[in-house]
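> Pasting the sequence and the predicted coordinates here, then a few questions.
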Amino acid sequence: MVNSINNNEESVIIVLHEIYGINQHLKLICEQYSAAGYRVLCPNFVKSGDYFDYSREEEAYQYFIEHIGFYTMVDEVKSILLKAKSDYKYVFLLGFSVGATSAWICSDLENSVDGIICYYGSRIRDYESITPNCPVLLIFAEEEKSFNVRELTSSLGQKKFVDVHVLNGKHGFNDPFSNRYNEKCQQIAQDLADGFLIRVKEGPEV
């Protein structure tokens, strides 16, 4: 359950979707944070306005590569961040998969975002050189086909502001509508995310 604290109404969470678009999982995430008092923004980068079913994974991936791409996504997010920072006390990015990688790319911006949560952003490995300027929570699945998770997270965990966790599940473990869903991992990740949001808003210890 998403934690609810008194100053959530001063906070906005910008949710960045996977290759599939704004599907049932993303809608559920948005509903949960909205119910906890956050303002939630969820831009749709699939310009048709629809989302891809999981059975169309390859088609969804090709659409992302040909019609979206990380830097188009990031440019749009930067514009959203610019306005959000003037409207809210706390601005957070929450991304899943390609959305997580896009959020990570935004982490080196200055004075634009207060905290970033990335779920299984596998392509972060292509942007490993980025140095965040805000707190970042990275949550990875232990089972990834394309790269060595432990090797990547060991490197990322040495960066300032970065908190890395590897959970014993598959890419997509947070999604209850996916056959990769892992309830235990989902709950651990939610607890990590809740704690992260609270810590950012409380600020550094003095």
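Perfect, I can see it now.
> Please report how far Ser102 lies from Met73.
4 Å (C-beta to C-beta, to the nearest Å). The way it works is simple: take the backbone N, C-alpha and C, and place the C-beta from them, glycine included.
> overlap in contacts of the two?
Residues touching both Ser102 and Met73 by C-beta atoms under 8 Å, 6 or more residues apart in numbering: Leu16.
> which one of these two has more residues nearby?
Shown here are Ser102 and Met73; by other C-beta atoms under 10 Å, Ser102 has more neighbours (29 against 23).
> Was I right to think that one contacts Val15?
No: Ser102 is not in contact with Val15 according to C-beta atoms under 8 Å; the separation is 11.4 Å.
> which residues are in contact with both of those two?
Contact with both Ser102 and Val15 is made by residues Gly95, according to C-beta under 8 Å, 6+ apart.
> Distance check, Val166 against His17.
23 Å.
> quick one, which of these two is more surrounded?
Between Val166 and His17, His17 has the larger neighbour count (other C-beta under 10 Å), namely 25 against 19.
> would you say Lys85 is within a helix?
Yes: in this structure, Lys85 lies within a helix as judged by DSSP: H, G, I helix; E, B strand; the rest coil.
> what residues are up against it?
Neighbours of Lys85 in contact, by C-beta under 8 Å, 6+ apart: 91, 111-113.
> hmm, 10 Å instead?
12, 91, 109, 111-114 (C-beta atoms under 10 Å, 6 or more residues apart in numbering).
> Please spell out which residues along stretch 83-101 are buried.
84-85, 88, 90-101 (16 or more other C-beta atoms under 10 Å).
> Among those, which are located in strands?
90-96 (DSSP state E).
> which two from the residues you listed end up farthest apart in space?
Tyr90 and Phe96 (20.3 Å; C-beta to C-beta).
> Assign a three-state SS to Phe52, would you?
coil.
> Can you check the pLDDT for it?
In this model, Phe52 is scored at 94, pLDDT.
> any idea how far the helix of greatest length in the chain is from the chain center?
For the chain, the helix reaching the highest residue count under DSSP state H is reported as helix 183-202. Relative to its chain's centre, helix 183-202 lies at 12 Å (C-alpha atoms, centre = their mean, to the nearest Å).
> circling back to that earlier point, could I get the contacts of Lys85 in CSV, plus columns for distance to Gln158, secondary structure and pLDDT?
Listed next are those as CSV, based on distance: C-beta to C-beta, whole Å; DSSP: H, G, I helix; E, B strand; the rest coil; pLDDT from 0 to 100:
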residue, distance to Gln158, secondary structure, pLDDT
Val12, 30, strand, 97
Val91, 26, strand, 97
Leu109, 21, coil, 95
Asn111, 24, coil, 92
Ser112, 24, coil, 94
Val113, 21, coil, 97
Asp114, 22, coil, 97
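> Buried ones among those?
Looks like the contacts of Lys85 have 12, 91, 109, 112-114 buried, using 16+ other C-beta under 10 Å.
> now for those, which pair is the farthest apart?
Val12 and Leu109 (15.5 Å).
> And the helices in the protein, which stretches?
Under DSSP H, the chain gives helices at 24-35, 57-63, 70-87, 98-105, 149-156, 183-202.
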